[in-house]
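Engineer: Quick one: sequence and predicted model below, then my questions.
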Amino acid sequence: MEDWAEVRRLHRAEGVPIKEITRRLGAARNTVRAALNSDRPSRYERKARGQVADAYESQVRNLLQEWPRMPASVIAERIGWPYALSLLRKRIALIRPECVGIDPVDRVVYEPGQIAQCDLWFPETKVQVGAGQQWVLLVLVMTLGFSRFTTAAMIPSWQADDILSGMWSPDPRHPPGHEDAGLGPRGRDRGTGRVTAPAAAFAGTLATRIQLAPPRDPEFKGPVERNNQYLETSFLPGRQFALPHDFNQQLADRLVRANTRTVRAIQGRPVGLLEIDYQAMTPLPPVTPPIGLSHRIRLGRDYYVRVDMVDHSVDPQVIARFVDVTASPQAVTVFCDGRVVAEHPRSWAKHQVVTDAVHAATVARMREALALDRQRRQAPVRQRTDGHAVALRALANYDAVFGVDFNPPATKAK
């Protein structure tokens, strides 16, 4: 490059003849002439050699035009590929984008109060939930689109009611946004965009909308996905958790620090932009939206109700009556005609039996009263002349009342 520029400068700018240029630069005369006749520096280019995949390229293109997602192994079988599959994979990787088409990505700009993205994060660390059980629990992560302010909390299950409780509990001012687990259909119906009845009731009460993320499209909710990665790499390593409450406490402490760091996408700190988000949000409704697990059941003789594979005792005095069971991530409450008849802390362990000591004592008193009533009913009766039934007591009872003993101890013979 330097010689080509120097030759042109000497010959055209200073008028140095070709013979003198060859002497100064030590180059051949033909090389100097070639440099003067060329409009760009000379470059060595090796002649491309053919590859074994060239002979099969037309067949590969025909298959990909009709089936753009056909795997390389199937293509190799269809065209009778006789070489290593890795060579064919490289050629298919170059051809497939032309057949599939380009999916451009728009630059998304979030307005204040417009959206909060939600996602479920599954940390690998197992958490002690009691009764010697350890489980990999899920964490509901929520990120505001404008300020990037993030909240997160571990929840007991991915049932829609528990997810809605998590969305309401960390900070009820956050409007729900994208959510793809528990709130919509699963399987083939995931792409329909329909939410479940509890999620629709929750969104209707808040006068907002829940939009389900398409399956296998992490770009749809990029901010919350990046926060999931941040928690996975910057929060989780090297930590131990005694209980879910301990996990949430450590996570809350970490998020206080995370929300004060500068986010490059917005060139600001989430905690500094949070108030702008709040001011643009819809005011909260006067009533609490329906959240938490809930169902109605007629209380059986065993006076227990089941919530998420855990049995909780209820006041046995309402046996055979209808009771309403509600459960949040923290507590289980049972109502009967608007009156609280049971209240227990929510157990995150499975297959447990939670019994209130007051309920057990009430059952003991009820059984004792029932036994006395049965004893009274089973006593022999005598019919009076007027037809009134009179209970007959054993003669030994009268002897005991009057202090008479007709069975004196035997004396020894002299």
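Structural biologist: Cool, got the structure. As the structure is a computational prediction, the values presented were derived from the model and not from experiment. Numbering: from 1, shown residues only.

Engineer: what mean pLDDT would you report for the longest helix belonging to the chain?
Structural biologist: Longest helix in the chain, counting residues (DSSP state H): helix 357-377. When pLDDT is averaged along helix 357-377, the result is 89.

Engineer: List the buried residues of that helix.
Structural biologist: If you call a residue buried by 16 or more other Cβ atoms under 10 Å, then helix 357-377 has these buried ones: 359, 362-363. For glycine as for every other residue, the C-beta is placed from the backbone atoms N, C-alpha and C.

Engineer: got it, and stretch 213-230?
Structural biologist: The neighbour-count check on stretch 213-230 (16+ other Cβ under 10 Å) flags 213, 220-221, 223-228 as buried.

Engineer: Now do it: distance to the chain's middle.
Structural biologist: 12 Å (Cα atoms, centre = their mean, to the nearest Å).

Engineer: Give me the below-cutoff pLDDT ranges for the stretch 1-150 of the chain.
Structural biologist: 1-2 (pLDDT under 70).

Engineer: Show the residue spans covered by the helices in it.
Structural biologist: 2-8, 18-25, 29-37, 57-66, 72-79, 85-100 (DSSP state H, counting those that start in this stretch).

Engineer: residues making contact with the shortest one?
Structural biologist: It refers to helix 2-8. Residues outside helix 2-8 that contact it (Cβ atoms under 8 Å, 6 or more residues apart in numbering) are 21, 25, 27, 32, 35-36, 38, 40-42.

Engineer: One more: the fourth one?
Structural biologist: With contact meaning Cβ under 8 Å, 6+ apart, helix 57-66 is reached by 53, 70, 75, 78-79, 88, 91-92, 95-96, 99.

Engineer: So which bits of that helix are buried?
Structural biologist: Under the neighbour-count rule (16+ other Cβ under 10 Å), helix 57-66 has 60, 63-64 buried.

Engineer: Could you do the third one as well?
Structural biologist: Within helix 29-37, the residues that qualify as buried are 31-32, 35, counting by 16+ other Cβ under 10 Å.

Engineer: gap between that helix and the chain center?
Structural biologist: 70 Å.

Engineer: Same question for the longest one.
Structural biologist: In terms of Cα atoms, centre = their mean, the centre of helix 85-100 is set 35 Å apart from its chain centre.

Engineer: who does that helix touch, helix- and strand-wise?
Structural biologist: The elements that helix 85-100 packs onto, with contact taken as 3 or more Cβ pairs under 8 Å, 6 or more residues apart in numbering; DSSP states H and E, are helix 57-66, helix 72-79.

Engineer: report the angle between the axes of it and helix 72-79?
Structural biologist: Put simply, helix 85-100 runs at 90 degrees to helix 72-79, going by axes from the mean of the first three to the mean of the last three Cα atoms, to 10 degrees.

Engineer: swap in the third one?
Structural biologist: Angle between the axes of helix 29-37 and helix 72-79 is 110 degrees (criterion: the same axes, to 10 degrees).

Engineer: Show me what helix 29-37 packs onto, helices and strands only.
Structural biologist: Using 3+ Cβ pairs under 8 Å, 6+ apart, helix 29-37 sits against helix 2-8, helix 18-25.

Engineer: related to what we said a few turns ago, can you add distance to residue 327 and give the helices and strands packed on helix 85-100 back as a markdown table?
Structural biologist: A markdown table is the format used below for the helices and strands packed on helix 85-100 (distance: least, Cβ to Cβ, whole Å):
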| stretch | distance to residue 327 |
| --- | --- |
| helix 57-66 | 52 |
| helix 72-79 | 49 |
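
Engineer: Of all those, which one comes closest to residue 114?
Structural biologist: helix 57-66 (39.9 Å; Cβ to Cβ).

Engineer: Could you tell me how far the closest one lies from the centre of the chain?
Structural biologist: On Cα atoms, centre = their mean, the centre of helix 57-66 falls 41 Å from the chain's centre.

Engineer: CA atoms of that helix as PDB?
Structural biologist: Extracted C-alpha coordinates of helix 57-66, given in PDB (Å, rounded to 0.1, in the frame of the first residue of the first chain):
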ATOM      1  CA  GLU A  57     -26.400 -27.000  -3.100                       C
ATOM      2  CA  SER A  58     -29.300 -26.900  -5.600                       C
ATOM      3  CA  GLN A  59     -31.000 -29.900  -3.900                       C
ATOM      4  CA  VAL A  60     -30.500 -28.400  -0.500                       C
ATOM      5  CA  ARG A  61     -32.100 -25.100  -1.700                       C
ATOM      6  CA  ASN A  62     -35.100 -26.900  -3.100                       C
ATOM      7  CA  LEU A  63     -35.800 -28.700   0.200                       C
ATOM      8  CA  LEU A  64     -35.300 -25.500   2.300                       C
ATOM      9  CA  GLN A  65     -37.600 -23.500   0.000                       C
ATOM     10  CA  GLU A  66     -40.400 -25.900   0.800                       C
END
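
Engineer: wait, which of the helices and strands packed on helix 29-37 is closest to residue 331?
Structural biologist: Nearest of these (Cβ to Cβ): helix 2-8, 80.0 Å.

Engineer: Break down this structure into its strands, ranges please.
Structural biologist: Secondary structure of the chain, counting by DSSP state E: strands at 116-121, 127-130, 133-135, 138-144, 150-155, 293-298, 304-307, 310-313, 322-327, 331-336, 339-345, 352-354, 381-383, 389-391.

Engineer: so the residue nearest the centre of the chain bridges to which residues?
Structural biologist: In the chain, the residue lying closest to the centroid (Cα atoms, centre = their mean) is residue 120, at 2.3 Å. In this entry, residue 120 is beta-bridged to residue 140, by DSSP bridges.
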